[in-house]
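Asker: how does the following fold in three dimensions:
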Amino acid sequence: MRQACRSKLVLACWSVAFVVTVANSSWAENWPGFRGPTGQGTSQEKDAPIEWSSRANILWKTRVPGNGWSSPIVFDDRVFVTTATDEGASFRLVCIDRWTGNILWDKQVLQQEPGHKSPQNSYASSTPVTDGRRVYVLAYDGSFAAVSMEGDVIWTNRDFHYYSEHGLAVSLILYQDLLIAPFDGSSPGPDKAIGWQKPWDQAVIIALDKNTGQVRWKARRGSSRIAHVTPQILSQDGQEQLVSSAGDVVQGFDLKTGERLWTVASTGEGVVPSLVIGDGLIFATSGFGQPTIRAIRTGGKGDVTQSHIAWESADDVPMIPSMLLAPATGRGTPAERRGLMSPRESGDYLFLVTEGGVAKCLAAATGKLLWRNRLAGRYSASPIWVDGKIYFLSEQGRTTIVDAAGEFNVVAQNELQEKCCASPAVSNKHIFIRSEDAVYCIGPNLAPASGRGTPAERRGLMSPRERGHHRFHRRALSPVEGSARS
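Answerer: Numbering: from 1, shown residues only. You can find the predicted model right below:
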């Protein structure tokens, strides 16, 4: 089904990069939103675990009350997930100590009225996002909220009623002081096919002021159909724009006003995989009806369908897991390679897995097939790239790790033997996986001594005297940086 465990489903491509910069240049990475710092599923971490089981190399396992398929996010010493209890009526945010697995708080953020959704979806599928001061959430019914790091609700916005034949699954992104979410639902009226199987013009993208919850702008797509795609930010010709896709369209929007800048036709409904940006290309999938992978050149105005499609492929199109753009193994870290090579020289690869377990590696610049292999199980989680390796997590709880290379090579296979549909998170040499009723922290015990200063100090990133020199940077992806930055 289209929605199967939509947390990861929603892809995301969230465009805000959080990097801790300190005087001595050492740092560990937070995972502040869906698919990580850039929303592309890649991590700058080193020495992430590659071997574990349900009984080995597990630092902790914490049961989470209720049900939800949102992915975990990590900021400093805290892990956050959303969940829904009381048969979906109580929408909650849970905060877990990242070192011990203890639940620090479990707060009801919103009361919501459970309604129609796909059986594979949940009433808490949207992954939260944080700027380190607050955690921002989106509930099943389209309500927004901002929550302090201590669990206090700062503001709510309940002005928008969301309905979709599948339920809500898209995740939020942050850009500067904007909190952005596309609402690509369908009609709640008597003809449920409107907006789902029949195009309509009611889809909107909403940008709120993250400080107050007030609407800053509302963008309209024009004719489109149902989708659950988390958008991305692109820097093009000195201007930053929102790139967002839905059923039948891939589009760019002005981040200051919400004005629609360009459109590419991409026929298909029920689109889930998030966009991926890099090598001067936007990589998107279309949905049910005519599933196709499209590589779209950046730039242009108006309808650029005829001029800006670099390549297409209708073979083995993922309908739920997002794709992954990554550098070839042995060509240095993404940061080292940033902007040094042209798309055809760089050897960047586009990795994907279908729900049925067909994994592929394509040349990103041309779409040429480099390898195709079948993995065991079914897949809803989006893959991640860590230190030259790709992690594929199946719904059965098996993680297959392969080299990020033009030849297929399995590094390890690890079993949790629990249902897993949420996408993994990576932070400070740990991998965080959410199963049907728990969150796992996988990796070594790196817990600091109690009372040893700030989280950054306790991770060994800075001395107390250096504390005043750190800051958070947020920036968009340029067309050539997407894979390099990710």
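Asker: give me the below-cutoff pLDDT ranges for the stretch 351-486 of the chain.
Answerer: 449-486 (pLDDT under 70).
Asker: the helices in it, which residues?
Answerer: For the stretch 351-486 of the chain, the helices defined by DSSP state H, counting those that start in this stretch occupy 455-458, 482-485.
Asker: where along the stretch 201-350 of the chain do the strands fall?
Answerer: Using DSSP state E, counting those that start in this stretch, the strands of the stretch 201-350 of the chain run over 204-209, 215-220, 232-236, 239-246, 248-254, 260-266, 276-278, 281-285, 293-297, 302-303, 309-313, 324-326, 349-353.
Asker: among these, which is the most enclosed?
Answerer: Sort those by mean neighbour count, taking mean count of other Cβ atoms under 10 Å, and strand 276-278 sits at the top with a mean of 32. No exception for glycine: its C-beta is placed from N, CA and C like everyone else's.
Asker: okay, now the sheet partners of it, with direction.
Answerer: Strand pairing for strand 276-278, using DSSP bridges, gives strand 281-285 (antiparallel).
Asker: so for the strand it pairs with, mean pLDDT?
Answerer: Averaging pLDDT along strand 281-285 gives 97.
Asker: just the residues contacting that strand, thanks.
Answerer: Residues from elsewhere that reach strand 281-285 (Cβ atoms under 8 Å, 6 or more residues apart in numbering): 232, 234, 243, 245, 250, 266, 268, 271, 273, 275-277, 291-298, 310, 317-319, 323, 325, 343, 350, 364-365, 479.
Asker: then stretch 59-68?
Answerer: The contact list for stretch 59-68 (Cβ under 8 Å, 6+ apart) reads 7, 81-85, 88, 90, 92, 94, 96, 100-103, 106, 122-125, 430, 434, 436-445.
Asker: repeat that for 6 Å
Answerer: Applying Cβ atoms under 6 Å, 6 or more residues apart in numbering, the contact partners of stretch 59-68 are 82-85, 94, 96, 101, 122, 124, 437-441, 443, 445.
Asker: same deal with stretch 175-182?
Answerer: Stretch 175-182 is contacted by residues Y136, L138, V170, L172, I173, I205, I206, A207, L208, K210, I233, S244 when judged by Cβ under 6 Å, 6+ apart.
Asker: rebuild the strands of the stretch 201-350 of the chain as a markdown table, extending it with distance to P49.
Answerer: Conversion of the strands of the stretch 201-350 of the chain to a markdown table gives the following (distance: least, Cβ to Cβ, whole Å):
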| stretch | distance to P49 |
| --- | --- |
| strand 204-209 | 37 |
| strand 215-220 | 41 |
| strand 232-236 | 28 |
| strand 239-246 | 33 |
| strand 248-254 | 36 |
| strand 260-266 | 37 |
| strand 276-278 | 25 |
| strand 281-285 | 28 |
| strand 293-297 | 31 |
| strand 302-303 | 47 |
| strand 309-313 | 33 |
| strand 324-326 | 19 |
| strand 349-353 | 20 |
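Asker: worst average pLDDT in these?
Answerer: strand 232-236 (a mean of 90).
Asker: which other helices and strands does that one contact?
Answerer: strand 239-246 (3 or more Cβ pairs under 6 Å, 6 or more residues apart in numbering; DSSP states H and E).
Asker: in its sheet, what does the strand it packs on sit against?
Answerer: strand 232-236 (antiparallel), strand 248-254 (antiparallel).
Asker: what is the neighbour count of S224?
Answerer: Neighbour count of S224, defined by other Cβ atoms under 10 Å: 25.
Asker: whoops, I mixed them up, Q111
Answerer: For Q111, the neighbour count with other Cβ under 10 Å is 12.
Asker: kindly report the same for the one 5 residues further on.
Answerer: By the criterion of other Cβ under 10 Å, H116 has 12 neighbours.
Asker: shouldn't it be within a strand?
Answerer: No - note on H116: no strand contains this position according to DSSP: H, G, I helix; E, B strand; the rest coil, which reports coil.
Asker: so how far is E269 from it?
Answerer: If you measure H116 against E269 using Cβ to Cβ, to the nearest Å, the figure is 17 Å.
Asker: cool, A310 as well?
Answerer: Using Cβ to Cβ, we find A310 at a distance of 24 Å from E269.
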